[in-house]
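Engineer: Quick one, what's the 3D model for this:
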Amino acid sequence: MNDDHNILLSSSIKPVQIDVHDLIIGMYVCKLDKPWLESRFLFQGFELKNQADIDAVREECSFVFIDIEKQTRTPKFQNKHTEQQLEKRSTAPQKLSSFIIEKQSAVPKKQSSFIQEFDQAAFTYRQTSDLVSSFMEDVQLGKAINVAAAKKVVTECVDSVLRATDALLWMTQLKHRDLYTAQHSMNVCILSIALGKHLNIAAEELNNLGLCGMLHDMGKMKVPLDILNKPEKLEPDELKIMQSHAAKGGELLTASKGIYAGAIDVAHSHHERLDGKGYPRQLTDTQISLYSRIVTIADMYDAVSSDRVYKKGRSHLEAIKIMTSMCGTQLDSVLTYKFIECLGIYPAGSVVELNSGEVAVVLEVNPKHKLKPKILILLDKNKNHQPLQIIDLFLMTGTDINNRTIKNTISPSLYDIDLKEYYEQGLIGYGHLAKGF
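Structural biologist: This is a model prediction of the structure:
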């Protein structure tokens, strides 16, 4: 079986354990590495509002636990310290100090809106989909990867994410189980770029990061299809063959003319884990590069949230519950935290149920009020189809007679919702949605 067969779902989003040297302003400390009564803190749980708060925690503790759901504002990296921490931890082939976290630590502002970017994002996604599928066919036939073409479409993905991240992120929700491997590579590319943008990685380096995400799983084309698509648990010898895709991917990219060296590293290392229990080389914390850490997070998120031949995909909240339980041992805590912050609790493309009973899909996240995104109502309170209606939950605050709020995320299949149908019928696109914005 594949790696995500055995992942168990936590009952809630677990607090993330984090080293006190990785604390940043805006985080919410919910638990210490000692009883609260043994500390000097008056309250059991508090937000880090300034550097003095961080320094006080560092004097008391070696590590603490962060509650993602209780933060009230976007945490900001302190430039110099975070740069030093990431550079100390990483052996990435790229030079970190040239692009990690700009001096003001501000997340880049989007250059366009969801509705303005959506049709271009859709074109970019289709174009990328076709190209990734052709890559995989070429690899299966023993042909070389067209690196120049890959770089071109990755640049278009980066440009789209920089203009309006949510539009391309929305496209990652149009999943087709039978096309999983190709779509997975696209989605990991897009998710990696989105996280890189959130970390203020410079545009030229986002191109490299996106290429790493797009090509990370090419080694799977060297795995027999009966093993790759087996719905039952893999036998030990089959699992060994499946896991060989990481080394094979590294070898494949090494032989590709004009490839970015970091992509070779990521293909080889995206299943390594901080505790040394990954594969194929059992690398540990300081041996795993920054880009490998980022792509690993994007890879795991998309794998867990996608339908496979052997499992149903998890919802967004279920996926991040699983990932937070792996922080510190398998996944980088700081980057996982930033990834969740990047997507939000209700990311673009997620299907949600409102307190009114209505069902909607999230269109665009409000970066300052992530619990109140723009949504498109699909079903009425009786779960019947209704004329599509766009609502900005933030703007409706105090004026909405229904006082609509999001109750929870749900699986689209619960009410037989197929986002691909809405998209393919032109119901989600500039021509239709522009009227509601």
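Engineer: Output the below-cut-off pLDDT ranges for the stretch 101-250 of the chain.
Structural biologist: Residues of the stretch 101-250 of the chain that meet the criterion pLDDT under 70 lie in 101-111, 177-178.
Engineer: Check which residues of stretch 365-384 are buried.
Structural biologist: By 16 or more other Cβ atoms under 10 Å, the buried positions in stretch 365-384 come out as 365, 367, 370, 372, 373, 374, 375, 376, 377, 378, 379, 383. Just so you know, the C-beta spots here come from the backbone N, C-alpha and C atoms, and that holds for glycine as well.
Engineer: Stretch 21-40 now?
Structural biologist: By neighbour count on 16+ other Cβ under 10 Å, the buried set for stretch 21-40 is 22, 23, 24, 25, 26, 27, 28, 29, 30, 31, 32, 39.
Engineer: rewinding a little: pick out the most distant pair among the buried residues of stretch 365-384.
Structural biologist: Maximum pairwise distance among these (Cβ to Cβ): 30.8 Å, between 367 and 383.
Engineer: can you pull the pLDDT of residue 12?
Structural biologist: The model reports residue 12 with a pLDDT of 49.
Engineer: and the longest helix along the chain, how far out from the chain's middle?
Structural biologist: When the chain is parsed with DSSP state H, its longest helix is helix 114-140. Distance of helix 114-140 from its chain centroid, counting by Cα atoms, centre = their mean, to the nearest Å, is 18 Å.
Engineer: same question, stretch 258-277
Structural biologist: With Cα atoms, centre = their mean as the basis, stretch 258-277 stands 17 Å off its chain's centre.
Engineer: Show me which residues of it are buried.
Structural biologist: In stretch 258-277, counting by 16+ other Cβ under 10 Å, buried: 259-260, 262-274.
Engineer: Could you check how far the residue lying closest to residue 363 once chain neighbours are set aside is from residue 150?
Structural biologist: Nearest residue to residue 363 in three dimensions, chain neighbours excluded: residue 374, at 4.7 Å (Cβ to Cβ, 6 or more residues apart in numbering). The gap separating residue 374 from residue 150 is 33 Å, by Cβ to Cβ, to the nearest Å.
Engineer: Residue 180 too?
Structural biologist: From residue 180 over to residue 150 the distance is 20 Å, taken as Cβ to Cβ.
Engineer: At which residues are the helices of the stretch 51-200 of the chain located?
Structural biologist: For the stretch 51-200 of the chain, the helices defined by DSSP state H, counting those that start in this stretch cover 51-60, 79-89, 114-140, 147-163, 165-171, 180-198.
Engineer: how far out from the middle of the chain is the helix or strand that the last one is followed by?
Structural biologist: Moving toward the C-terminus from helix 180-198, the next helix or strand (DSSP states H and E) is helix 203-215. With Cα atoms, centre = their mean as the basis, helix 203-215 stands 14 Å off its chain's centre.
Engineer: buried residues in the following helix or strand past helix 203-215?
Structural biologist: As assigned by DSSP H and E, the chain's next helix or strand after helix 203-215 is helix 225-228. Going by neighbour count (16+ other Cβ under 10 Å), the buried part of helix 225-228 is 227, 228.
Engineer: For helix 225-228, which outside residues touch it?
Structural biologist: Contacts of helix 225-228 with the rest of the structure, by Cβ atoms under 8 Å, 6 or more residues apart in numbering, involve 181, 220, 234, 238, 241, 242.
Engineer: ditto for stretch 414-421
Structural biologist: 173, 174, 176, 349, 351, 359, 361, 378, 379, 383, 412, 428.
Engineer: Distance check, residue 420 against residue 131.
Structural biologist: Where residue 131 is concerned, residue 420 sits at a distance of 20 Å (Cβ to Cβ).
Engineer: quick one, which of these two is more surrounded?
Structural biologist: residue 131 (19 against 13; other Cβ atoms under 10 Å).
Engineer: How much space separates the more buried one from residue 152?
Structural biologist: Distance from residue 131 to residue 152, by Cβ to Cβ: 9 Å.
Engineer: do the same with residue 344
Structural biologist: On the measure of Cβ to Cβ, residue 344 and residue 152 end up 30 Å apart.
Engineer: before we move on, what about residue 375?
Structural biologist: Distance, residue 375 to residue 152, by Cβ to Cβ: 34 Å.
Engineer: wait, doesn't residue 68 sit right on residue 337?
Structural biologist: Yes - between residue 68 and residue 337 there is a contact under Cβ atoms under 8 Å: 6.6 Å.
Engineer: who touches both of those two?
Structural biologist: Joint contacts of residue 68 and residue 337 (Cβ under 8 Å, 6+ apart) are residue 16.
Engineer: Looking at these two, which is more packed in?
Structural biologist: Each of residue 68 and residue 337 has its neighbours counted (other Cβ under 10 Å); residue 337 has more, 23 against 20.
Engineer: Now for that one: which residues touch it?
Structural biologist: Going by Cβ under 8 Å, 6+ apart, residue 337 touches 16, 18, 27, 66, 68, 75, 327.
Engineer: The strand or helix carrying it: what's the following helix or strand?
Structural biologist: Residue 337 is part of helix 333-343, with elements assigned from DSSP H and E. Once helix 333-343 ends, the next helix or strand along the chain (criterion: DSSP H and E) is strand 351-354.
Engineer: rewinding a little: could you single out the nearest of the contacts of stretch 414-421 to residue 312?
Structural biologist: residue 412 (11.0 Å).
Engineer: partners of the longest strand along the chain in the sheet?
Structural biologist: Ordering each strand of the chain by length in residues (DSSP state E) puts strand 385-392 first. Paired strands of strand 385-392, with direction, are strand 374-379 (antiparallel) (DSSP bridges).
Engineer: Could you check the angle the partner strand makes with helix 114-140?
Structural biologist: In terms of direction (axes from the mean of the first three to the mean of the last three Cα atoms, to 10 degrees), strand 374-379 departs from helix 114-140 by 80 degrees.
Engineer: Run through who's touching strand 374-379.
Structural biologist: Residues from elsewhere that reach strand 374-379, judged by Cβ under 8 Å, 6+ apart: 114, 351-352, 358-364, 366, 385-386, 388-393, 406, 415, 417, 422, 428, 433, 436-437.
Engineer: One more: stretch 153-169?
Structural biologist: Under Cβ under 8 Å, 6+ apart, the answer for stretch 153-169 is 108, 110-114, 116-118, 120-121, 124-125, 127-128, 131, 189-191, 193-194, 197, 203, 206-207, 210-211, 214, 343, 347-349, 363-365.
Engineer: for the stretch 301-437 of the chain, what spans make up the helices?
Structural biologist: According to DSSP H, counting those that start in this stretch, the stretch 301-437 of the chain carries its helices in the segments 316-324, 333-343, 393-396, 419-424, 430-433.
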